[in-house]
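Asker: Have a look; sequence and predicted model below, questions after that.
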Amino acid sequence: MDWEQNLGELESQVTELLAQAVKAEDFLQIKQRFLGKQGEISNLLKGIREIPPELRPVFGQRVNQTKQLLEERIAEAARQAESGRVPGSGETLDLTLPGVWNQPGSIHPIAQVLDEIREILEDLGFQIAEGPEIETDYYNFEALNIPKGHPARDMQDSFYIEDEIVLRTQTSPVQIRVMEKRKPPLRIYAPGRVYRRDMDVSHTPMFHQVEGLWVDRGITFSDLKGVLMLFAEQLFGEGTPVRFRPSFFPFTEPSAEVDIECHMCRGKGCRVCGNSGWLEILGAGMVHPGLFRRVGYDPAEFTGFAFGLGVERIAMLKFGINDIRLFFENDLRFLKQF
Amino acid sequence: MKISLNILRKFLPDLSKSPGEIAEALTMGGLEVEAILPVREHPPGITGVVTAQVTLVEKHPGADRLSVCEVNDGQVIHRVVCGAPNVKAGMKYPFARIGAKLPAGVEIKKAKIRGIESSGMLLSKAELGISDDHSGIMELPDDTKIGIDFNELEKDIDIVLEVNVTPNRSDCLNHIGIARELSVLSGVNFVLPQIIVKEEGQDISESARVDLLAPEACPRYCGRVISGVKIGESPVWLKEDLIRIGQRSINNIVDATNYVLFLLGQPLHAFDLSRIKGREILIRDSRAGEKLVTIDHAERELPPGTLVIADRERPIALAGVMGGAETEVRGETQEVFLESAWFQPLAIRQSSKMMKLSSESSLRFARGVDPEGVALALDYAAMLILQIAGGKLARGKVDSYPGKKPCEKLSLDLSEVRRVLGDPVPIEEAARIFTSLGFQPEPSPDGSRIGVTVPSFRHDLREPVDLIEEIARVSGYGRIQPTWPGLRADRRSLSASEKKGVSLERKVRDLFSSQGFAQIITYSFISSEENQIFSSGPELRIANPLSDQMEIMRGSLLPGLINTVVHNLRRKFNDLRFFELGRTFQRGTGKGAEIQETNRVAGVIARVEPPEGWRGWLAGEFDLYHFKGILENVSSGLNVENLSFREKTSQGFEPGLSGGIVLDSQFEVGRFGRIAESVRKKYEILPVVFAFELDLDTLLSRGIRPKKFAAFPRHPGVEWDIAFFVNDSVPYDEIRNVILQSDSNLIKDSRLIDLYRGKEQLAAGKKSMAFRIYYLSPDHTLTDEEVRTVHRQVAENLRQKFSAMIRE
């Protein structure tokens, strides 16, 4: 009889029996039947005399290999069968099965970024202030040095409910509302929805802004730089290079735009930053004396700085989102990633 | 605004900085460069031009100004006669072989020049059509390979900068303004180009008369007359320059005026003088009923009082905005009246807005051009027209300037600079910056103040703080040291309620998201049809919506949620839970009523199938009580007590399967239930949808109470059950209230433990209920007898109030 064939058969017999084995006794039985002193392997070895002498070393080696293999397989199968069995019960516990839970909900990325901004600002002592989303022309424009016909109105095409009633185009009107109600010192921030009549690949007609305002005696542009550098570093990571460059807003003078170094290319210039190496994150400036005069503060006594940022823009930078419209499509494939 | 570096060099001949350095200097000076665009395209129509090296230059024996060169084009050595002063041996130039074609249609042929045969031609930029530079042949860099087709030469002919000019800097909507700024910011020398015009023939007064009738709206009006012009295409360099800065070439006259607009910032208009009736030009307000066909061939009615240019009979141009078709320059035009004026920004803004028409001209007039630059630009344009269209310039010019004003003067207290910027600025530094800006600074003797004269082109400098910005901007924001003011806390809390509102919103958000809801944010405006599903009352309509899908300020958050459900069902999600936090809007009723904004939270659950999974959570049926359970869970998490759910059908909800949410038995704070069948049908693909909407402002102001500890006795209480039959129509909470009120001293709580409504064993319209009652005395352990007495009272009350049949 062909001993190689015998070895092969032994292996498949063991495989079959292991598949049916459940209890510890079952595995013991299989082990005795094949690997015991009177077992099949021992019997096979007894037939060594019938093998021609020159083949005997090969024969011995192969049988021993098979023996070792079977030992390992029986032991592993027994171990697997034993693990997870709840002691004293017939039940099997598989702790790797997924837990039974309520499918998780999610918090909108804009809300998450707003939270982060809020926490940073509150740590810096800013208090929340709110204002209406449907504003008067006075608060949204006039009081902010944007009289009718001012070219800055062209930048912000607005939605109107009626004459003089407008969906706020910025959170800046909250500055005026707060200053009218209170005397300095004050340090506030105002988050919320704003609306501009603009809809294309990079604009949605509604988005979110956060406005900040700090007014006191002796507040300077140096302070604006210090506070906003701190803010930018907390939002985008310590050591993030920040630069301030001149810009224009009707309600601040001097005005600045604040850029952080592009995190994609580390300032070398890439598609994300339009090859400039910098990403704009917020606008800021020293409160224009005209605003102070309008709310009854003495510009010779008080100075202050204000800043504003677009939450969507920050969220896009932080999460690597390339299409602003995704925020308002509310597709679960998007929402579930946050 | 597109700025060509080649054009800038007209004002900055020494400009040698790289495009990157120029962009950086402008950006950090407040003129953000958004893109640096190399111009590589070669003018069309060039063939047979290659790069070549001149290997030998000898004097032409027959002419002083000519040289005879040997030119290596990579294949053979040609002998070429050249007249350029800058030809040198060893240099590389573009070379036209015999048979080459140049842009103007010129073909290069073999030619004998003063007795010497020239087989080809070395080319200037003008001959190549790249610019108007005739001064010499075009020098190529040393590392240029020879024998390469000129069209393939990768060389930036020009660089165009896309500059974002902020609305305050109308002086920079042109090349001269940017050049001025660049000169200030990087120290490159600024020069004004020379303007030389040759006047000849008769005086302008003999061919045209100007009558300025609206000196308020038009403080300055200048004009010149050129006769004998030949209308045609512009030279290639002009066409190319215009294309680079984003303009179209029309004809040589129009192109010349356009070019001057982008060069000097002064809008100009050229009229065909022969078509101006009576050769009279009037600047006046339009009269009732007047019309004008503008050059875009639209007939426009002019509202009375619109500033127009008119002839003896009719308006011929909308002043500062657009010219008229009737008098525009055309092929047969020979005599041109060239207009250069200063219109009041407000007047132009008004006519542009009223006519719903804007142009490059109106944009600049509306923001303010330089009143002192009007005549200069006129002369520059005249010079250019003479150069490219020929003709004769009449002697003299019209310059009516009734609105001339002295330049404004400002005075800056230097201590203010420190108060605003934080850093002091020495008076010498301030004076240096103001000098470079052309402000003619005059420091006061004691060094504390500095006076300046605001140049006529700067309309943005009105008060001292504007000068502080100029100092900061020119010296660089980067030079201002950051400081951190003391972060001392401001103890007066302005915003207690707003602060609570934020923390309530955050709690609501966390509670719903932990219940499996995904937060969404939808637009605040929706269609009227959607709005009316869940809201009634007057709608708050946007006067200028983007579309009728976005015209109503929402009265409810629910339409946005339903839309989101539909969006995601279409994407094969089948177990949906969403919520949104946001404001709803309502116009108050009655006279002078204000618009109300209410902070709300709303949510929906829509299930086509139970969630998948090996053992799903809530895998089985999901009904209104599950939904209510979620709401109760959230309200308990918010610490809102005294919420009750009452049967009430509100708009958009299914009658009998929905209700109202009431706080303290009196304040309506919300609604919940199943969405009405009629709504489902509207959306076709909707499954059963449960929805709720809650008013957070009312909850915040009335619902959330500070927690109070109540002492509890250390001794145990007892639990007794009571079971009974009662009419099915009696609501649970009424029964429970009767139980609790039977002895408010000893009964601490009661809980429904069984409810049976099956048809078997029960008379029709009856239900079987069992309550567990928790008895506890505040001061002693209750005896069975005490409990039994109260328990009997409970039974008696149930019998009397509800005709309940107690099961013993």
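Answerer: The structure has been received and is ready for your questions. Predicted model only: the values in this text are computed from it and were never measured.
Asker: okay, CA-based contacts and neighbour counts for the rest of this
Answerer: Will do.
Asker: Low-confidence bits of chain B, can you list those?
Answerer: B:41-44, B:132, B:154-155, B:486-497, B:589-593, B:610-620, B:760-761 (pLDDT under 70).
Asker: which residues sit in contact with the residue in it that chain A sits nearest to?
Answerer: Nearest residue of chain B to chain A (Cα to the nearest Cα) works out as B:G516 at 3.7 Å. Residues near B:G516 by Cα atoms under 8 Å, 6 or more residues apart in numbering or on different chains: A:102-106, B:577.
Asker: Next, it: secondary structure please.
Answerer: coil (DSSP: H, G, I helix; E, B strand; the rest coil).
Asker: Next secondary structure element downstream of the least confident helix or strand in chain A by mean pLDDT?
Answerer: When each helix and strand of chain A is scored by mean pLDDT, DSSP states H and E, helix A:152-155 comes last, with a mean of 68. The first helix or strand that comes after helix A:152-155 along the chain, using DSSP states H and E, is strand A:160-162.
Asker: And that next one, what's buried?
Answerer: Residues A:160-161 are the ones in strand A:160-162 that count as buried (16 or more other Cα atoms under 10 Å in any protein chain shown).
Asker: what do you get for stretch B:414-431?
Answerer: Within stretch B:414-431, the residues scored as buried using 16+ other Cα under 10 Å are B:414, B:416-423, B:425, B:427, B:430-431.
Asker: Take those residues and keep only those in helices.
Answerer: Among the buried residues of stretch B:414-431, DSSP state H puts B:414, B:416-421, B:427, B:430-431 in helices.
Asker: Need the phi and psi values for the residue of chain A found nearest chain B.
Answerer: Closest to chain B within chain A is A:G105: 3.7 Å, counting by Cα to the nearest Cα. Phi and psi for A:G105, reported as degrees, to the nearest 10, are phi -90, psi -160.
Asker: Look up how far A:L114 lies from it.
Answerer: Per Cα to Cα, to the nearest Å, A:G105 is found 18 Å from A:L114.
Asker: And the helices in chain A, which stretches?
Answerer: A:3-20, A:24-35, A:40-46, A:56-82, A:109-123, A:137-140, A:152-155, A:173-181, A:221-236, A:289-295, A:311-319, A:326-329, A:332-335.
Asker: Show me what the longest one is packed up against.
Answerer: Contacts of helix A:56-82 with other secondary structure elements, assessed using 3 or more Cα pairs under 8 Å, 6 or more residues apart in numbering or on different chains; DSSP states H and E, are made with helix A:3-20, helix A:24-35, helix A:40-46.
Asker: same deal with the third one?
Answerer: The criterion is 3+ Cα pairs under 8 Å, 6+ apart, and the helices and strands that helix A:40-46 contacts are helix A:24-35, helix A:56-82.
Asker: hey, C-alpha coordinates of it in CSV?
Answerer: C-alpha atoms of helix A:40-46 as CSV (Å, rounded to 0.1, in the frame of the first residue of the first chain):
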residue,chain,number,x,y,z
GLU,A,40,-3.0,5.5,13.7
ILE,A,41,0.3,7.3,13.4
SER,A,42,2.0,4.7,15.6
ASN,A,43,0.5,1.9,13.6
LEU,A,44,1.8,3.5,10.4
LEU,A,45,5.3,3.8,11.9
LYS,A,46,5.2,0.1,12.7
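Asker: For that helix, which residues meet the burial criterion?
Answerer: For helix A:40-46, burial by neighbour count (16+ other Cα under 10 Å) applies to A:40-41.
Asker: now do stretch B:47-64
Answerer: Neighbour counts over stretch B:47-64 (16+ other Cα under 10 Å) mark B:47-54, B:56-57, B:60 as buried.
Asker: what domains does the record give for chain A?
Answerer: Domain segmentation of chain A under automatic domain parsing yields A:3-82, A:109-335.
Asker: can you put those in JSON lines and add distance to B:E808?
Answerer: As requested, these are arranged in JSON lines below (distance: least, Cα to Cα, whole Å):
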{"stretch": "domain A:3-82", "distance to B:E808": "53"}
{"stretch": "domain A:109-335", "distance to B:E808": "55"}
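Asker: ok, so what distance separates A:V201 from B:T584?
Answerer: Distance, A:V201 to B:T584, using Cα to Cα: 27 Å.
Asker: Tell me which of those two has more neighbours.
Answerer: Each of A:V201 and B:T584 has its neighbours counted (other Cα atoms under 10 Å in any protein chain shown); B:T584 has more, 19 against 10.
Asker: Tell me if I'm right that B:A325 and B:I295 touch.
Answerer: Yes - look at B:A325 against B:I295 with Cα atoms under 8 Å: they come within range, at 4.2 Å.
Asker: Same drill for the two, tell me which one is more crowded.
Answerer: Taking other Cα under 10 Å, B:A325 and B:I295 do not tie; B:A325 has more neighbours (19 against 15).
Asker: Could you pull up the residues touching that one?
Answerer: Residues in contact with B:A325, defined by Cα under 8 Å, 6+ apart, are B:293-297, B:316.
Asker: 6 Å - rerun?
Answerer: B:A325 makes contacts with B:293-295, as judged by Cα atoms under 6 Å, 6 or more residues apart in numbering or on different chains.
Asker: From those residues, which land in strands?
Answerer: The strands, defined by DSSP state E, take in B:V293 from the contacts of B:A325.
Asker: with the contacts of B:A325 in mind, which one is nearest to B:I243?
Answerer: For those, the residue nearest B:I243 by Cα to Cα is B:I295; the value is 20.6 Å.
Asker: Please identify the pairing partners of the strand or helix carrying B:V225 and their relative orientation?
Answerer: Under the criterion of DSSP H and E, B:V225 resides in strand B:220-227. As defined by DSSP bridges, the strand partners of strand B:220-227 come to strand B:335-342 (antiparallel), strand B:392-395 (antiparallel), strand B:398-400 (antiparallel).
Asker: And the next helix or strand past that strand?
Answerer: helix B:236-244.
Asker: Which among the helices and strands packed on helix A:56-82 is found nearest to A:F305?
Answerer: Across the helices and strands packed on helix A:56-82, the minimum distance to A:F305, taken as Cα to Cα, is reached by helix A:3-20, at 76.5 Å.
Asker: Could you list the residues of chain B in contact with chain A?
Answerer: Within chain B, the positions adjacent to chain A are B:28-30, B:167, B:420-422, B:469, B:473, B:481-484, B:489, B:513-514, B:516-522, B:542-544, B:617 by Cα under 6 Å from any Cα of the partner chain.
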